[in-house]
Structure formats: structure tokens, C-alpha cells
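Peer 1: Below are the sequence and a predicted model; questions follow.
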Amino acid sequence: MVETAIDILSWVLLLGGGAFGVLGGLGLVRFPDFYTRLHAAGVTDTLCALMIILGLILQAGFSILTVKLALILLFLLFTAPTASHALARAAIVDGVAPDIGKAKRETSSSNT
């Protein structure tokens, strides 16, 4: 009974993480400018990694593999948001401006 519940929860986490990865990729294609694309990639990348690794930890049980996966997760939780922040800061320093007009045009055209 408990093993079945753990399997179901781990598969929900694995499939949810995969879905967030696909949605992040869709955001990279669909969003209009660099900053919105960076936001889509950064948020979904962190959540995707968190869910997938938690699902793998549940599948692995208590072993040395669990410790290794937890260390990988800890590393990713620190580096992914830091990398997104560094990319945004580099874009600001380089003078990349948000394309506010294009976003407004797309919003207004979809409302009509």
C-alpha cells in the first residue's frame, strides 16, 4: 500500500516536472522579448528540476543515490536563479530594453 502511494506520488512529480519543462520551452518560443523569455525559462527550469529530482528521490528510496540526488538538487536550487539573475543584469548593462510596445500590440490584437 505504501509502496504504491510512493510510486504514484513519484510519477506525479516526474510527469509534472516534465510538463513544466515543456511549458517553459513553449514560453521561450511564444513570449515577445528577452526578459519575459528569461522569466519563463528561469522559473520553469527551477520548478522542473525540483519536481523531477524529488520524483527520482522517491523512486530511489533511502540509499547513497538519494544523498547524491539531494546534493544535485541543492546545487541546482542555488545556481539556476543566480544564472537567470546574472543574465538579466548582463542584458540591462548591455542596454537591452524590454519590448513593451510589442507586448501591448499582441495583447490588444488578441482582445479584438
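Peer 2: Here it is on my side, so go on. Numbers count the residues shown, from 1 in each chain.
Peer 1: downstream neighbour of the helix or strand containing Met51 in the secondary structure list?
Peer 2: Element membership for Met51 (DSSP states H and E) is helix 34-60. Beyond helix 34-60 on the C-terminal side, the first helix or strand identified by DSSP H and E is helix 64-94.
Peer 1: For that following helix, name the packing helices and strands.
Peer 2: Counting contacts by 3 or more CB pairs under 8 Å, 6 or more residues apart in numbering; DSSP states H and E, helix 64-94 packs against helix 34-60. All C-beta atoms are positioned from the backbone trio N, CA, C, and that covers glycine.
Peer 1: tilt between the helix it packs on and helix 64-94?
Peer 2: 180 degrees (axes from the mean of the first three to the mean of the last three CA atoms, to 10 degrees).
Peer 1: what's the offset of helix 34-60 from the middle of its chain?
Peer 2: In terms of CA atoms, centre = their mean, to the nearest Å, the centre of helix 34-60 is found 3 Å from the chain centre.
Peer 1: Likewise for stretch 84-102?
Peer 2: For stretch 84-102, the distance to the chain centre is 19 Å (CA atoms, centre = their mean).
Peer 1: Many thanks, have a good one.
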